[in-house]
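Q: Structure, please.
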Amino acid sequence: GLNIDVSLPYIEFLSGEDVPMTVSINNPGASAFTIDDYAPYDQNAFGLYIRNENGRLLFPRNDKSPLPSCTVKPGETYTFKVNLKQFFDFEAEGHYQVAATLKRGKTTDSSRIMPFTVVGGIEIGKVSRIKEGSDNTSLEYTLLYWPRNDKEHLFVRIVDKPSDRVFGFVQLGYIVRITQPKIEFEPGNIVVITHQTS
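A: Predicted structure coming up:
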């Protein structure tokens, strides 16, 4: 058998934010474990499973594998990161559970189940402007803060209107909520956000 472990840096993520998961595959056996697209290794595979708070399994965005190929020699551990947002759509606020699986021929090994929550963040400002080159599409910039590790962090979520698709998301660092942050637009599609950090 193979040992597979998963971990997340936080238990709460803002809607639209990357969700980087660390995966470790340990091979305690006597033979190497290989995933590749040629026989017999094409029978081996790495998989991700996410359920929402209603217990429904989310379907991946596409058939692309988070781990298309790898080799883990006996006694070794292979560690890599997966951005869950690249493979699943879970921008809706709520509780989720993620687990990883390894298929080796007809045998499947699973990781522990990791819970996490998607939150909206606390809004402190919002500005919209027309998207360059378009008459009926705008970009909405929302400033949000959220506490992590005993500090408050500032984020900006950029949403395409009217589709409501998340166009971009950036963590801007620490914030001290004494002065109101400002969003200003400069020529050449440059957005300047000024906020107090200490």
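
Q: So what sits opposite Ile158 in the bridge?
A: Tyr141, Gly168 (DSSP bridges).

Q: I meant Gly173, not that one.
A: Leu154.

Q: Now do the contacts for the residue of the chain positioned farthest from its centre.
A: If you look at how far each residue of the chain sits from its centre, by C-alpha atoms, centre = their mean, the farthest one is Ala30, at 34.3 Å. For Ala30, the contacting residues are Pro74, by C-beta atoms under 8 Å, 6 or more residues apart in numbering. All C-beta atoms are positioned from the backbone trio N, CA, C, and that covers glycine.

Q: same thing with Lys161?
A: Ser128, Thr137, Ser138, Leu139, Glu140.

Q: any residues touching the one helix or strand Trp146 maps to, and which ones?
A: Under the criterion DSSP states H and E, the helix or strand holding Trp146 is strand 138-148. Strand 138-148 is contacted from outside by 10, 12, 14, 119-131, 152-161, 167, 175, 177, 181, 183, 191, 193, 195, using C-beta under 8 Å, 6+ apart.

Q: In strands, which of those residues appear?
A: Judged by DSSP state E, strands contain the following of the contacts of strand 138-148: 12, 14, 119, 122-130, 152-161, 167, 183, 191, 193.

Q: quick check, distance from stretch 190-198 to the centre of its chain.
A: 24 Å (C-alpha atoms, centre = their mean, to the nearest Å).

Q: Please shift the residue numbers so they start at 58 in all later answers.
A: Noted, 58 is the first residue going forward, which turns the last one into stretch 247-255.

Q: Just the CA atoms from that stretch would do, formatted as CSV, please.
A: In CSV, the C-alpha atoms belonging to stretch 247-255 read as follows (Å, rounded to 0.1, in the frame of the first residue of the first chain):
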residue,chain,number,x,y,z
ILE,A,247,-3.1,50.2,-13.5
VAL,A,248,-5.0,50.0,-10.3
VAL,A,249,-3.5,51.5,-7.1
ILE,A,250,-4.7,50.5,-3.7
THR,A,251,-3.4,52.4,-0.7
HIS,A,252,-3.9,51.1,2.8
GLN,A,253,-2.4,51.4,6.3
THR,A,254,-0.3,48.4,7.4
SER,A,255,1.1,49.4,10.7
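
Q: tell me the mean pLDDT over it?
A: Stretch 247-255 carries an average pLDDT of 92.

Q: same thing with stretch 62-80?
A: Mean predicted confidence for stretch 62-80 is 96.

Q: picking that back up, give me the buried entries from the contacts of strand 195-205.
A: For these, a burial check counting by 16 or more other C-beta atoms under 10 Å picks out 71, 178, 182, 184, 210-217, 232, 238, 240, 248, 250, 252.
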